[in-house]
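Chemist: Here's my sequence, what's the structure:
(chains A and B)
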Protein chains: 2
Amino acid sequence: MSSSVSPLAPKNVPDMPTIAGVRLATAEAGIRYKNRTDVLLAVMDKGTAVAGVFTKSKCPSAPVEWCRSKLRGGKARALVVNSGNANAFTGKTGRSSTALTAKIAAKAVGCSEGEIFLASTGVIGEPLDATKFDGVLGRLAETAEPGDYLTAAKAIMTTDTFPKVATATVKLGKAKVTINGMAKGAGMIAPDMATMLSFIFTDAPIAPAALQALLKAGVEDTFNAVTIDGDTSTSDTLLAFATGAAAEHGAPKISRASDPRLKAFVKAFNQILANLSEQVARDGEGARKLVEITVEGAKTKASARKIAMSIANSPLVKTAIAGEDANWGRVVMAVGKAGEPADRDKLSISFNGIRVAKSGARDPSYDEAQVSEAMKAPEIAIKVSLGLGKGRDRVLTCDLTKEYVAINGDYRS
Amino acid sequence: MSSSVSPLAPKNVPDMPTIAGVRLATAEAGIRYKNRTDVLLAVMDKGTAVAGVFTKSKCPSAPVEWCRSKLRGGKARALVVNSGNANAFTGKTGRSSTALTAKIAAKAVGCSEGEIFLASTGVIGEPLDATKFDGVLGRLAETAEPGDYLTAAKAIMTTDTFPKVATATVKLGKAKVTINGMAKGAGMIAPDMATMLSFIFTDAPIAPAALQALLKAGVEDTFNAVTIDGDTSTSDTLLAFATGAAAEHGAPKISRASDPRLKAFVKAFNQILANLSEQVARDGEGARKLVEITVEGAKTKASARKIAMSIANSPLVKTAIAGEDANWGRVVMAVGKAGEPADRDKLSISFNGIRVAKSGARDPSYDEAQVSEAMKAPEIAIKVSLGLGKGRDRVLTCDLTKEYVAINGDYRS
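Modeler: Now for the predicted structure:
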């Protein structure tokens, strides 16, 4: 497996400010990896609101089940994330591991177990020995500092080739509030499988229900519009924490997601979700091209989404992009198999702005040399116009390379 | 691209008998390939019944639209198949190509255009110059002989690494009837995309509506239960022709699919569909392993099918098999993402008869060395028991190898 950084990694990593009310610490707990951090503890001040969205898998991991049940309380004091073991498909052992981890963390932080949130990523099917957290979490709680989000982002990586962070500062009422986010990628990973994890922290005073509504709306066109290989982890977790510390310097307390004072905040919040989810696509396993697929002229947005996902998940489309081939025939195939309304003879398709097909046939003005040159770019935009209605959507994916097969198939041989 | 024969090719090719009422001829029409046959003409006696099933693509090829519209007549006198050009996504030109091909074939055979059936496979988006059939089809109609089905199967290949034929002889009433079939594979193929085509011929006297019912029922657990990469051609076509010639030596005329006299015939017919569709999976692009996925204990058969297809189409499962890794964690993932009822803690999974997971966790008796040895076999059977109900289903697929990516991604570079 290659350990080199993805060629699609962002050129610049932002300076990450601190978030009032959040302290971070990382450690090497030796869960699986050697000589690298594999545990992150985030300690939040009392009164921190929490919201979360999770994998739609029917076989979710034990930590996902834990978080779902604790979300009802709406309050969080700590987040414990480990890499190296996903604590997924571990049966009853999995549930007792989450319970024990929460107990250790609650004692370390001084709160109830219902205020502890957990996420695990790494190997699946191996029991997670939660006793390894004993001692470690106590020490981390003592040493946690307002901290270094980049270091935290590194501790939650599995086969990510770069840490993923994003930040924004905006006005809420007349006060400045800050939003920080981190993520680890959906590369599904040797030796077994990994997971998309993302955590957002803000000092804005937003009530749990409002935060949940923002998060649910925000993921629709960001994290839910990214696919690497169409495979869904048992452990995908996105949690948002709002400490409310900005209320001390005048930020208004927000109880409804529809509050008009939230406008700038929502925009920044969604941009962070978009930024992090794009970084996940940029770090897809073996990815050499970032691929943006826009479908317009569909009957509805939902129909456009389904067609865009059909294109994004097609192995034939993805291998063609890896081969720098503007293979619009395969795009037509993927439109056709989506099962959504489409009229072959109204289809137009372009690659990086060059129309290669229109009205259901090859564009007569299509210049092969020009298109071939355009396909060498690291970012490929495929646009499909269906000509049926006003439905439009956009998803992100990456290409399918021999490196993907090597990462996911070679490690046992 | 490798031109060597798939290691999964059947060891024996059956001797193919003739079918009374069917004559075959092939030619090199130079549509795309050089020095190989690329046109097949099958001429059927008057009164031949025809049935067909086609791709579910919303963007079907011109020949698929042609066949669909002509099936209503229920009668066929000729089948014209060309390889090298799929006549798909060719707009109005595509429709005029099919019309012209049918006109030339009808003249050559001496029948109406509505009795001509067409199938094309090969490059998509390129106009098919049907004038190339002029002369060729006339000559083929004159020279057609009861013939050589293996030669015919070779003429319809694109990137198939071996021709696919099957045959059976059974009693219908007191008379012997014969069923022959041929197919070409769903390897989606350089330079653009190919297609699954299959043609069945029998001398049994079966009325069109009954033949259609048999075909529709027969594909459900055969051709519709095979997937290579989850991608669906615009051109998939399966046609069945029943000449009725066996009536001359006493076979009863069958007008209803439910006729009890059909019992042996239906069994043989379905076996041929199963045999040919398995050959298609054995010739999946880059395939090194044939993978059979059985899901049992689902709520319903339809639910079992959806879960089995989710496993079969998962790039992570398929790459694991390529790496000879009994990665049951990825199987759990694919069960979970199918969206069908599943209880993680009731799941059991086995590879080639060795149970690796039970009751939602690793099987304690699981012997890694034994499983690793078993995964070296060219045929891998994955069985998933959900423990919820009596729904059961089985699908076939192949592994996902670097060769697949090379075949589909490298040819332009």
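
Chemist: looking at this, A:T169 is in a strand?
Modeler: Yes: counting by DSSP: H, G, I helix; E, B strand; the rest coil, A:T169 is found in a strand.

Chemist: tell me the pLDDT at it?
Modeler: Looking at A:T169, its pLDDT is 98.

Chemist: A:G173 and B:K184, how far apart?
Modeler: 68 Å (Cβ to Cβ, to the nearest Å). The way it works is simple: take the backbone N, C-alpha and C, and place the C-beta from them, glycine included.

Chemist: Counting neighbours, go ahead and name the busier of these two.
Modeler: Neighbours were counted for A:G173 and for B:K184 using other Cβ atoms under 10 Å in any protein chain shown; B:K184 has more, 29 against 18.

Chemist: and that one, what does it touch?
Modeler: B:K184 makes contact with B:83, B:121, B:153, B:156-158, B:160, B:164, B:194-198 under the criterion Cβ atoms under 8 Å, 6 or more residues apart in numbering or on different chains.

Chemist: What parts of the stretch 1-150 of chain A come near chain B?
Modeler: Neighbours of chain B within the stretch 1-150 of chain A, by Cβ under 8 Å from any Cβ of the partner chain: A:55-60, A:88-94, A:123-126.

Chemist: now with 6 Å?
Modeler: Within reach of chain B by Cβ under 6 Å from any Cβ of the partner chain, the stretch 1-150 of chain A has these residues: A:S57, A:K58, A:C59, A:F89, A:T90, A:G91, A:I124, A:G125.

Chemist: sorry, back to before: export the contacts of B:K184 as TSV, with columns for secondary structure, pLDDT and distance to chain A.
Modeler: TSV is the format used below for the contacts of B:K184 (DSSP: H, G, I helix; E, B strand; the rest coil; pLDDT from 0 to 100; distance: Cβ to the nearest Cβ, whole Å):
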residue	secondary structure	pLDDT	distance to chain A
B:S83	strand	90	16
B:T121	strand	90	13
B:A153	helix	97	24
B:I156	coil	93	19
B:M157	coil	90	19
B:T158	coil	83	13
B:D160	coil	88	17
B:K164	strand	97	21
B:A194	coil	55	10
B:T195	coil	72	10
B:M196	coil	89	13
B:L197	strand	94	15
B:S198	strand	96	19
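
Chemist: would JSON lines of those residues with neighbour count be doable?
Modeler: Below are those laid out as JSON lines (neighbours: other Cβ atoms under 10 Å in any protein chain shown):
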{"residue": "B:S83", "neighbour count": "28"}
{"residue": "B:T121", "neighbour count": "32"}
{"residue": "B:A153", "neighbour count": "27"}
{"residue": "B:I156", "neighbour count": "27"}
{"residue": "B:M157", "neighbour count": "25"}
{"residue": "B:T158", "neighbour count": "25"}
{"residue": "B:D160", "neighbour count": "26"}
{"residue": "B:K164", "neighbour count": "27"}
{"residue": "B:A194", "neighbour count": "27"}
{"residue": "B:T195", "neighbour count": "31"}
{"residue": "B:M196", "neighbour count": "24"}
{"residue": "B:L197", "neighbour count": "27"}
{"residue": "B:S198", "neighbour count": "29"}
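
Chemist: Nearest to A:C398 among the residues you listed?
Modeler: Taking Cβ to Cβ as the measure, A:C398 lies nearest B:A194 of the contacts of B:K184, at 25.1 Å.

Chemist: Can you classify the closest residue to A:G360 other than its chain neighbours by secondary structure?
Modeler: Spatial nearest neighbour of A:G360, excluding adjacent residues (Cβ to Cβ, 6 or more residues apart in numbering or on different chains): A:D345 at 3.5 Å. Put simply, A:D345 is helix when judged by three-state DSSP.

Chemist: How many residues are close by A:D345?
Modeler: Neighbours of A:D345 under the rule other Cβ under 10 Å: 15.

Chemist: So which residues of the stretch 201-350 of chain A form helices?
Modeler: Along the stretch 201-350 of chain A, counting by DSSP state H, counting those that start in this stretch, helices occupy A:208-220, A:263-282, A:301-312, A:315-322, A:328-337.

Chemist: list the buried ones in the helix or strand where A:E65 lies?
Modeler: For A:E65, the host element (DSSP states H and E) is helix A:62-71. Neighbour-count burial for helix A:62-71, with 16 or more other Cβ atoms under 10 Å in any protein chain shown as criterion, is recorded at A:A62, A:P63, A:V64, A:E65, A:W66, A:C67, A:K70, A:L71.

Chemist: What of stretch A:359-366?
Modeler: Using 16+ other Cβ under 10 Å as the test for burial, stretch A:359-366 gives A:G360, A:A361, A:R362, A:D363, A:Y366.
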